[in-house]
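> A structural model of the following input is requested.
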Amino acid sequence: MQFSYQLFHQTGELKRRAEIFKQRLQSCVICPRHCEADRMNEIEGFCRSGRNPLVASTVAHFGEEPALVGKNGAGNIFFGSCNLRCVYCQNWQISQPRPISPPLRGGDQGEGDTRVSPSPQPSPLKGEGDRL
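Below you'll find the predicted structure:
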């Protein structure tokens with residue numbers, strides 16, 4: 001059995017798609033924010049990511065149906081630099097490598113860790129102050 005990514009590599013389709021992706025990073029419109037940062041030259045956009053993605057972790061995941069995980073688990077890749085910046089994000093430690101504000105500890109405001117976002121600041125990047 002041949003996987004589609006193997007066929008893409010053999011036919012040159014993978015390389016063609018990678019080139020298209022690189023072009024889109026020159027004026028980044030990869031996500032719905034369309035910040036147009038030149039990530040190929042390490043200019044960070046709204047997601048705070050440069051040319052290469054931040055891989056926070058990889059893991060073999062067994063928590064799905066057997067047909068999806070097989071014998072070795074489904075391969076999960078967790079990326080950092082999420083562009084949503086949800087105030088109540090459960091994964092902010094990996095999705096926001098440089099948090100907007102540090103977590104508060106129990107006793108500061110209620111129990112457990114909470115995340116507080118400062119009021120939006122003006123920025124030259126489109127949508128920088130937006131919060132979802």
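
> which SS class is Val59?
The three-state label given to Val59 by DSSP: H, G, I helix; E, B strand; the rest coil is strand.

> so what pLDDT did it get?
Per-residue confidence (pLDDT) for Val59: 85.

> wait, doesn't it sit right on Asn76?
Yes: contact status for Val59 versus Asn76: in contact at 5.1 Å, counting by Cβ atoms under 8 Å. (C-beta placed from N, C-alpha, C; glycine too.)

> quick check, Ile77 in a helix?
No: using three-state DSSP, the secondary structure at Ile77 is strand, not a helix.

> near the closest residue to it other than its chain neighbours, how many residues? Count them for me, please.
Nearest residue to Ile77, sequence neighbours excluded (Cβ to Cβ, 6 or more residues apart in numbering): Thr58, at 5.3 Å. Neighbour count for Thr58, taken as other Cβ atoms under 10 Å: 10.
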